[in-house]
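> just the structure for this:
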Amino acid sequence: MSFPPRVELCEVGPRDGFQFEKKPIPTDLKLEIIEGLAEAGLRRIQVASFVHPKWAPQMADAEALVARLPKREGVIYTGLALNVRGLERAHAAGLTYVDLSIATNETHSRDNANMTVAEGVRQAEAMIRRAHDYGMQPQLGLQTVFGYAAPGDTPLDFIVELCGRFSALGVESLSLADSTGMANPVMIRERVAAVRAVIGETPLVLHLHDTRGLGMANVVAALEAGVARFDTSLGGMGGCPFIPGATGNIATEDTVYLLDQLGIETGIDLEKVAACTLRMEAFLGKRFPGKMHRLVRRNVTAVSEEEGVR
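Sure, this is the predicted structure:
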């Protein structure tokens, strides 16, 4: 097997994860977690979503949060914008990277964005041009690439067409999202190969959910296909309110552990990420689906206690 020597992870927990929680998360705590993630070595962190508070109350402090983010050399803060107004807000807040996202399934598009897929495509093209006018780097994500109602029900030729179309517009990267967690390793290899054939040098990112327990297997398949960027979420936080049963993204700690075991460099301190996750579990009073954050901290505690006895 031939894997990339280094993989970059984009931490989406402070947006995708926090947005899914009903208990209000104070801005100060959000900042604490984001700073902790940066200290742990995450170099891309999605910090907020610029949507109307009616639809995402947890993101009502987006501008206030971005204004207080610490400047760190080499750390990129990104924000999600689903329409032109959101893009304008992200620009006014001072972000230089913006995440755009469109549906590839008609039902999901109407539920999630109240528009048809064709309307979403046209809007995304306009937003990419506007982002370039603002001097911003637009990152474009396609949702439900691996299936919506059933695995593979999103036509591959349509995905390939969209990727070629958006790559030609000059996006910073293209992201393929397994929003429903229906992907499997065979589909990963097939769809990644087809997309890579038309996007040239545009970086490809995978946004995987672990709904059916195949998250890590899909990461390995993607690595074999040459993918070197993934979205992950601390502790596996997240989900989608418009996809029944959808669980969070693949956990940052679990992904880092897997990559470490494969000899792939990430530059990320697993224990420091786990500390952020446990802080959020304690605040929210719940357990996240990831595995390694509890194992790592338990092992650290056991070693510390043993050394104390000595």
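> contacting residues for Val296?
Contact partners of Val296, counting by Cβ atoms under 8 Å, 6 or more residues apart in numbering, are Glu253, Tyr257, Leu270, Glu271, Ala274. For the C-beta atoms, the positions are set from N, CA and C on the backbone; glycine is no exception.
> format these as CSV; extra columns: neighbour count.
Putting the contacts of Val296 into CSV (neighbours: other Cβ atoms under 10 Å) gives the following:
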residue, neighbour count
Glu253, 30
Tyr257, 20
Leu270, 23
Glu271, 14
Ala274, 27
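> narrow those residues to those in strands?
Among the contacts of Val296, none falls in strands (DSSP state E).
> which two among those residues are spaced furthest apart?
Of all pairs drawn from the contacts of Val296, the greatest distance, 11.0 Å, lies between Tyr257 and Glu271 (Cβ to Cβ).
> filter the contacts of Val296 down to the ones in helices?
The members of the contacts of Val296 that map onto helices under DSSP state H are Glu253, Tyr257, Leu270, Glu271, Ala274.
> wait, the last one touches Thr252, no?
Think Ala274. No. Because the distance of 9.0 Å does not satisfy Cβ atoms under 8 Å, Ala274 is recorded as not touching Thr252.
> how much space between Arg68 and Leu259?
Counting by Cβ to Cβ, to the nearest Å, the gap between Arg68 and Leu259 amounts to 31 Å.
> which one's more surrounded, the two?
Here Arg68 and Leu259 are set side by side on neighbour count (other Cβ atoms under 10 Å), and the busier one is Leu259, at 22 against 13.
> tell me the buried residues in the helix or strand harbouring Asn218?
Secondary structure assignment for Asn218, by DSSP states H and E: helix 215-224. By neighbour count on 16 or more other Cβ atoms under 10 Å, the buried set for helix 215-224 is Gly215, Met216, Asn218, Val219, Val220, Ala221, Ala222, Leu223, Glu224.
> count of neighbours near the closest residue to Glu106 other than its chain neighbours?
In space, and not counting its chain neighbours, Glu106 is closest to Val117: 5.7 Å by Cβ to Cβ, 6 or more residues apart in numbering. Per other Cβ under 10 Å, the neighbour tally for Val117 reads 20.
> also Asp157?
Taking other Cβ under 10 Å as the neighbour definition, Asp157 ends up with a count of 8.
> next: the one 5 residues further on.
When counting by other Cβ under 10 Å, one arrives at 21 neighbours for Leu162.
> go on, Lys23?
Applying the criterion other Cβ under 10 Å, we find 9 residues in the vicinity of Lys23.
> which SS class is it?
Using DSSP: H, G, I helix; E, B strand; the rest coil, the three-state assignment for Lys23 comes out as coil.
> quick one: residues contacting it.
Phe283, Leu284, Gly285.
> how far away is it from Lys286?
In this structure, Lys23 lies at 9 Å from Lys286, with Cβ to Cβ as the measure.
> please apply the same query to Leu262.
As for Leu262, its distance to Lys286 is 30 Å (criterion: Cβ to Cβ).
> show me which residues of stretch 280-291 are buried.
Under 16+ other Cβ under 10 Å, the buried positions of stretch 280-291 are Met280, Glu281, Phe288, Pro289, Gly290.
> could you work out the most separated pair of those?
In those, the most distant members under the criterion Cβ to Cβ are Met280 and Pro289, with 12.9 Å between them.
> which residues do the two both contact?
Overlap between the neighbourhoods of Met280 and Pro289 consists of Gly235, taking contacts as Cβ under 8 Å, 6+ apart.
> okay then, goodbye and thanks.
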